[in-house]
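K.L.:
need a structure here:
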Amino acid sequence: MQRAKRQAENVTRCLPEGEGRPPFLIVVDVGFCFDLYTEFGCTGGSYLHFPDARRHRIMFDDLANPDVRSLFRAIWTDPLSLDPSLRSAKVMEEVASHLAKLARVMEDGGQDPTLVGQFLMRYAFTRFAQLGMCADDVSMIGTASLPDTQSALWREEYSAILLEAAQLDWKDVEPAILGTLLERALNPKERHKLGAHYTPRAYVDRLVIPTVIAPLRQDWDDVQSTASLLCYEVRVEEVRQMLGGFHKRAGGTRVLETACGSRNVR
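P.N.:
Below is the predicted model:
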């Protein structure tokens, strides 16, 4: 299956430039399974497991499942609709809208902007730590973050907005939103002193993927190709040494942290 995937990737790179590259590769072991891979950038870069390395294989028997058939229908008719970043962007926009609304209400009510920023960051962090919180959980965060004299106002005026935000699907929210909230929690002088400025994920990816991730992926592809040949020749010990060598090289990779303030780096 790995050799078939590499062959398919080579074919995509030979397509006319004007046609672009397909967002999906489907590798088939006829009568047994399908392996799904994606590269939603359609640039001919590395194709990764879809939706992830644990669930990218679909067995032939799974075709009896209507959801699986719907997935394949979407792959053929509207593949870009399956791009998780689109869903994430929509939820992120909704979350940001709710938090911005709450910030305006709190500041209009006389709350210090720095305190507001700190509270919003605590709320977002807690949402990531424990999805599906109840109203009591939300109220507890609020009263812990605001002065005691504001607790009544908190329950009456603020909780409705946060409960609306809590009902959104936070598993699709990028943790990078904490970086934006961190900047808001610090006044301009503190941000300058600490160098605490939010680095968007796209900027981080633009640096890290070509310099770190892509070379490791290429190395892994080469290792898999050679290991497949050695397995065919039953040279098991050499395969074991080769895989161990790759693991050691990958584990020994050292990266200079590119983000400071909120540490939004992968």
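K.L.:
which sections of the stretch 151-266 of the chain are below the confidence cut-off?
P.N.:
151-157, 175-203, 257-266 (pLDDT under 70).
K.L.:
So which residues of it form helices?
P.N.:
151-153, 159-166, 177-185, 188-194, 201-208, 214-232, 236-251 (DSSP state H, counting those that start in this stretch).
K.L.:
Check the stretch 1-150 of the chain too.
P.N.:
So, for the stretch 1-150 of the chain - with DSSP H, counting those that start in this stretch - the helices run 2-13, 66-77, 84-108, 113-129, 135-145.
K.L.:
Please name whichever of these is nearest to Val234.
P.N.:
Closest of the helices of the stretch 1-150 of the chain to Val234 is helix 2-13, at 17.4 Å (criterion: Cβ to Cβ). From N, CA and C alone the C-beta is placed, and that goes for glycine too.
K.L.:
Tell me which residues are up against the closest one.
P.N.:
Applying Cβ atoms under 8 Å, 6 or more residues apart in numbering, the external contacts of helix 2-13 come out as 21-22, 25, 27-28, 35, 37, 44, 47, 221, 224-225, 228.
K.L.:
Quick one: which of those residues is the most crowded by neighbours?
P.N.:
Tyr47 (22 neighbours; other Cβ atoms under 10 Å).
K.L.:
beta partners for the nearest residue to that one once chain neighbours are set aside?
P.N.:
Residue nearest to Tyr47 in three dimensions, not counting chain neighbours: Tyr37, with 3.8 Å by Cβ to Cβ, 6 or more residues apart in numbering. Beta-bridge pairing of Tyr37 under DSSP bridges involves Leu25, His49.
K.L.:
who touches Tyr37 in this structure?
P.N.:
By Cβ under 8 Å, 6+ apart, the contact set of Tyr37 is 5, 24-27, 47-50, 56.
K.L.:
Centre of the chain to stretch 80-96, how far?
P.N.:
11 Å (Cα atoms, centre = their mean, to the nearest Å).
K.L.:
neighbours around the residue lying closest to Arg69 once chain neighbours are set aside, how many?
P.N.:
Using Cβ to Cβ, 6+ apart and skipping residues adjacent in sequence, the residue nearest Arg69 is Leu63, 6.4 Å away. Neighbour count of Leu63, defined by other Cβ under 10 Å: 12.
K.L.:
So Leu63 versus Gly31, what's the distance?
P.N.:
Computed as Cβ to Cβ, to the nearest Å, the Leu63 to Gly31 distance reads 12 Å.
K.L.:
same thing with Arg127?
P.N.:
Arg127 is 45 Å from Gly31, by Cβ to Cβ.
K.L.:
And for Ala160?
P.N.:
55 Å.
K.L.:
tell me, what residue is most central in the protein?
P.N.:
In the chain, the C-alpha nearest the mean C-alpha coordinate belongs to Glu174, at 6.3 Å (Cα atoms, centre = their mean).
K.L.:
isn't it right up against Met92?
P.N.:
Yes - counting by Cβ atoms under 8 Å, Glu174 touches Met92, with 6.0 Å between them.
K.L.:
which of the contacts of helix 2-13 lies closest to Gln167?
P.N.:
Tyr37 (33.6 Å).
K.L.:
Next, Ala53: phi, psi?
P.N.:
Per-residue torsions, Ala53: phi -70, psi -20 (degrees, to the nearest 10).
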